[in-house]
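Undergrad: A structural model of the following input is requested.
(4 chains)
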Number of protein chains: 2
Amino acid sequence: MALELTTAQALQLWQKANLHFVRDEDPDLSMRQMSILLTVYLEAPPHTVRGLASRLNVSKPVITRALDSMGKQNLISRRRDDNDRRNVLIQRTVEGALFIERLADTIMAVASRQEQR
Amino acid sequence: MALELTTAQALQLWQKANLHFVRDEDPDLSMRQMSILLTVYLEAPPHTVRGLASRLNVSKPVITRALDSMGKQNLISRRRDDNDRRNVLIQRTVEGALFIERLADTIMAVASRQEQR
DNA sequence: CTTAAATGGTACGGGTCCGTAACAATTGAG
DNA sequence: CTCAATTGTTACGGACCCGTACCATTTAAG
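TA: Below is the predicted model:
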């Protein structure tokens, strides 16, 4: 499946997707949490607290707390790095991968819905 | 300018755009504020507090407060409806239009940057 | 006129998130 | 062995946002 995308349509896509997550998504993740999750799943590992903090340009506690809450939802997991036990490696989970998959489908559905108008 | 968009690329676009707004955007709007602003600028007027509240599926005070804060930044303005003075009409501003324009450019820039890889 | 309905705003208590500053555990340099 | 540097976490005070409940204004029905 593929779509043509002009500037105006990109903006509409952004609006529709945002609107969808505001309207319908149940306990929606904050923008920062979503960024962390997407970064972990779309960029190459390894991912550490400090690495994510500098990638997102936020403080370390933001990452720690986001990992706490997303960990409770089983969207990510943490493991100590055995090579350097100061590091914590952030890892993907099955639930997280499914979440990302549904996310992609949702965005694509929004995009094609607007295409059909 | 136009881009092809597959499901994987739509997801990447969503990640890159979110990441950009987390990293770089100065006093970033919340997702709800952004939805309100985009709805006012991309959907047909008139826009009222109650209308936006039901469109976004949130309570009225959320809209009132968002309009307060975005009003201070001159991104939108309010005017009493002379036909029915209970209504408040939310109106676009020059600054808001410029903001939306830059927003569209930013998203498109993110999209084409990922295209070039 | 009187009164009920509708609209937007405000008060309030509660929850969440933030960044700074401290802390514990671990590593590596000397 | 000692101690400074690094990493992640926790404590804390403050800022922001939320929804419910109430209020003021305006409209329309009777």
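
Undergrad: tell me which element A:Gly96 falls in.
TA: Using DSSP states H and E, A:Gly96 sits in helix A:94-115.

Undergrad: er, A:Glu4 I mean
TA: Using DSSP H and E, A:Glu4 sits within strand A:2-6.

Undergrad: for A:Gln33, which residues are in contact?
TA: If you count contacts by CB atoms under 8 Å, 6 or more residues apart in numbering or on different chains, A:Gln33 has them with A:66, A:69-70. Just so you know, the C-beta spots here come from the backbone N, C-alpha and C atoms, and that holds for glycine as well.

Undergrad: of these, select the buried ones using a ChimeraX command.
TA: The following ChimeraX line selects those of the contacts of A:Gln33 that are buried, judged by 16 or more other CB atoms under 10 Å in any protein chain shown:
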select /A:66,70
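
Undergrad: Serialize the contacts of A:Gln33 to JSON lines and add fields for distance to chain B, secondary structure and pLDDT.
TA: Formatted as JSON lines, those follow (distance: CB to the nearest CB, whole Å; DSSP: H, G, I helix; E, B strand; the rest coil; pLDDT from 0 to 100):
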{"residue": "A:Ala66", "distance to chain B": "11", "secondary structure": "helix", "pLDDT": "97"}
{"residue": "A:Ser69", "distance to chain B": "16", "secondary structure": "helix", "pLDDT": "95"}
{"residue": "A:Met70", "distance to chain B": "15", "secondary structure": "helix", "pLDDT": "95"}
